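Q: just to be clear, the model below is a prediction. Sequence and coordinates:
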Amino acid sequence: MDSPPALPTPQSPTGISKIKAPSSEALANGPSLDTVMTPDGRLITAITPSPASSRPTTPEPGQTPNTPPKNATRHTRRHARKSSFRSRTSPLDWETLTREDNPMRGFFMLFWMAMAAYMSSAFYQNWKIEGTPLRLRLMSSLSLDSGGLVLSDMALVGSMFVCVIIQKLLAWGWIPLSFSLPLHHIWQSTWFATAVVWVFYKDWPWVQSGFFVLHSMSMLMKQHSYMSSNNELHHKRRRLLKFQQKMDEIAGEMKKLDDADQSGLEVLELEWKYAHANAEELQIELRKGGTTFPNNITFLNFADYLLVPTLVYELEYPRTDRIRPLYILEKFLGTLGTFMILYVTIEHSINPVLEQIPVMGFFDSLTQLLVPFMICYMLFFYIIFECICNGFAELSRFADREFYEDWWNSATFDEYARKWNKPVHEFLLRHVYLEGVTTYKLSRQNATFLTFFLSSCLHELVMIVIGKKFRLYLFLMQMFQIPLIFVTRFLATKKRHRTAGNAFFWFGMFLGPPLLGVAYCREHFKV
C-alpha cells in the first residue's frame, strides 16, 4: 500500500501564472516531518512547513476562516488528537524511587518487610495446625484444565488478527468505507459474545473464568481502538486524495487560461490554496514519526500493538533505546513473589471465612474480611500495573510507564477513577466520553453517565461469569460512585478539606470490596 504523495507547493507567493503546472510536478515540495524529543521527554512530530503553508489559510469562497465545508461529515470535523503518550517512569518502580531519592522509599521497604513477616507467620501457624506450611486446596483449583485455558487464550489472541485483514480490505477498496462502522461493530460483538459463551461452556473455576473474561475485555478494547482509529484515518486519507485530485484539476484549468484572465486565475488560485492547506493538514495527521497511514496496517504492527501495555492505538509510541533483561527478571520475580503473598492471603484469611458465611452473621464476616480484602486489592494492583505492565513495556520498549498516578492521595472518587487505572481511563476518555461528546453530541454530564454505565456493566458481567448468577450488586455500587463524586467534590472544594475527602475515600475503599465479597459469597455458598 502506497501512502499519498507529498503535496505541491507554489513556487512564488505573488506570481499567479506560475501555479499553472499540475500539482504532480511539485509533489516533493511538501512539509518536512521529523520525530524529535522535547525537553520534558515527549515524543512529537516536528513540522517544517512549506512556503505555501506558512501563509494564512485561504478560506473557500463563501466561508469564514476555520469553518469546515457545509457538506462536512462527522469524520471531516474531527481534528488530530493530541497524543497522551510521552516518556515517563512508573511512580513505585524501585529504580525510580532510588534515582529520584524519594524520601518515602523507606516506607516502601517497610511494606515488603511487613509482607515477609506476614508470610512467615502464616507458614508457621499452618505448620502447627496442619503439619504443612501451605494449604494447597486453592492451588488444585487453579490447576484445573490449565492446558485448555492456555489453548483458549492463544485462540483468543490469534483471532484478533482478523482486524488487520478487515483494515487491509478497506485500504484496498474491497470493502466500501461506508460499511466500515457496521462491520466494526458486527465483528466485535460476535467476537466478544463468543468469548463469554466459551467461558460458560468450559465451566472453569472462578479464577480461570475471571482471568479469561477480563483478558477478553482488555483485548476487546484494544480491537476497538485499533479499528476505530484506523477507520478515522481511512476517512482522512480519502479526503486527502480528493483534495489532491481537486488540486490537479484546478492546476489543469489554470493551465488552459490565458495570463490576461487575471480574475479567473485569482479565483482558481484561491480554490487551489484552500485545497492545498486542507490536504497538507490531512497529510500531517496521517503521519507520525516514521509511520504513515496506511503503511501501518501490517500483522507485525498489530502484533507490536498487542505487546504494548496500552488500550489506545497510535501510529507510533515513545520507545526506549534498548531492552534490559535484568529489569524483566526483576518484574518476573516480583510477580511470583506478590502472587505468593496473594495466594497465602486468600487461602489462609479469606477462603475460611467465605466457607463459613452461611453460618456466620453478616457483620462478623464483614469485619473479618476488611483487612484481607484490602491487602488483596493492593497486591492485585501491584501485580497488574507495576509488574505485568512494566514487564511488557520493557519487552516492547514502550517508554510511557505511567500506568497509574498517586491514586492513594485521591480526595474524590472521580480523581481515583482517573489515576488508579490509566490505560482503561485513557480508553474510556477517548473512545466513550469524547466520542459521545464530539460525534453523538452528548452533554458532558450525559457522556460521564454513559462512561460510568458502560464501566459498571462490564464489571458486573465479570461477576456474572464468575458466579454464574445475576445479582447486580457490583453494578449498583459502581453507579453509586456518581453521587459519591459530588459528595467528595464538596469535601475537597477547599484545600483544608482534602484530608477529609481522602479519609472518606479510604473509608469507601475499605468497606466496598469486603461488602461485595460477602454479598456475592452469601449467594454462592448458601445452602
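A: On my side now, so go ahead.

Q: surely residue 370 touches residue 514?
A: Yes. Assessed by CB atoms under 8 Å, residue 370 is found in contact with residue 514 at 5.3 Å. Placement of C-beta: from N, CA and C, glycine included.

Q: what about residue 401, distance to residue 499?
A: According to CB to CB, to the nearest Å, residue 401 and residue 499 sit 29 Å apart.

Q: higher neighbour count, those two?
A: Neighbours were counted for residue 401 and for residue 499 using other CB atoms under 10 Å; residue 401 has more, 21 against 12.

Q: helix/strand/coil for the closest residue to that one other than its chain neighbours?
A: Excluding the flanking residues, the one nearest residue 401 by CB to CB, 6 or more residues apart in numbering is residue 90, at 4.3 Å. Of the three states, residue 90 takes coil under DSSP: H, G, I helix; E, B strand; the rest coil.

Q: how about residue 90, phi and psi?
A: phi -80, psi 130 (degrees, to the nearest 10).

Q: list the contacts of it.
A: Residues in contact with residue 90 (CB atoms under 8 Å, 6 or more residues apart in numbering) are 96, 385, 386, 390, 401, 402, 403.

Q: which pair in these spans the largest distance?
A: 96 and 385 (13.6 Å; CB to CB).

Q: ok, those two, which is more surrounded?
A: Taking other CB under 10 Å, residue 96 and residue 385 do not tie; residue 385 has more neighbours (22 against 15).

Q: against residue 129, how distant is that one?
A: 35 Å.

Q: what of residue 250?
A: Distance from residue 250 to residue 129, by CB to CB: 87 Å.

Q: do residue 370 as well
A: Distance from residue 370 to residue 129, by CB to CB: 23 Å.

Q: pLDDT value on residue 40, please?
A: Residue-level confidence at residue 40 comes out at 52, pLDDT.

Q: and if you look at residue 496?
A: pLDDT, read off for residue 496, is 65.

Q: likewise residue 345?
A: Per the predicted model, pLDDT is 91 at residue 345.

Q: so it is in which element?
A: helix 325-345 (DSSP states H and E).

Q: just the residues contacting the next helix or strand after that helix, thanks.
A: Note on helix 325-345: by DSSP H and E, the next helix or strand toward the C-terminus is helix 351-355. The contact list for helix 351-355, computed with CB under 8 Å, 6+ apart, reads 137, 138, 360, 365, 368, 369, 372, 517, 521, 525.

Q: go through this protein and flag its longest helix.
A: helix 206-256 (DSSP state H).

Q: what packs against that helix?
A: helix 137-142, helix 146-159, helix 162-172, helix 180-202, helix 262-285, helix 299-307, helix 422-428, helix 444-467 (3 or more CB pairs under 8 Å, 6 or more residues apart in numbering; DSSP states H and E).

Q: change it to 7 Å
A: For helix 206-256, the packing partners by 3 or more CB pairs under 7 Å, 6 or more residues apart in numbering; DSSP states H and E come out as helix 146-159, helix 162-172, helix 180-202, helix 262-285, helix 299-307, helix 444-467.

Q: just the pLDDT for the residue nearest to residue 294 when sequence neighbours are not counted.
A: Of all residues not flanking residue 294 in the chain, residue 171 sits nearest, at 4.4 Å (CB to CB, 6+ apart). Looking at residue 171, its pLDDT is 92.

Q: re earlier: least confident of the contacts of residue 90?
A: residue 96 (79).

Q: quick check: residue 229 vs residue 481, distance?
A: 29 Å.

Q: my bad, should have said residue 512
A: 9 Å.

Q: what comes up buried for the helix holding residue 345?
A: Of all the residues in helix 325-345, those buried under the rule 16 or more other CB atoms under 10 Å are 327-328, 330-331, 334-335, 337-338, 341-345.

Q: where does the stretch 1-150 of the chain dip in pLDDT?
A: Residues of the stretch 1-150 of the chain meeting the criterion pLDDT under 70: 1-83.

Q: kindly report the same for the stretch 151-300 of the chain.
A: Applying pLDDT under 70 to the stretch 151-300 of the chain flags residues 258-261.

Q: could I get the helices and strands packed on helix 206-256 as a markdown table with distance to residue 395 and mean neighbour count?
A: Output for the helices and strands packed on helix 206-256, formatted as a markdown table (distance: least, CB to CB, whole Å; neighbours: other CB atoms under 10 Å):
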| stretch | distance to residue 395 | mean neighbour count |
| --- | --- | --- |
| helix 146-159 | 15 | 13 |
| helix 162-172 | 21 | 17 |
| helix 180-202 | 25 | 14 |
| helix 262-285 | 30 | 19 |
| helix 299-307 | 6 | 15 |
| helix 444-467 | 27 | 17 |
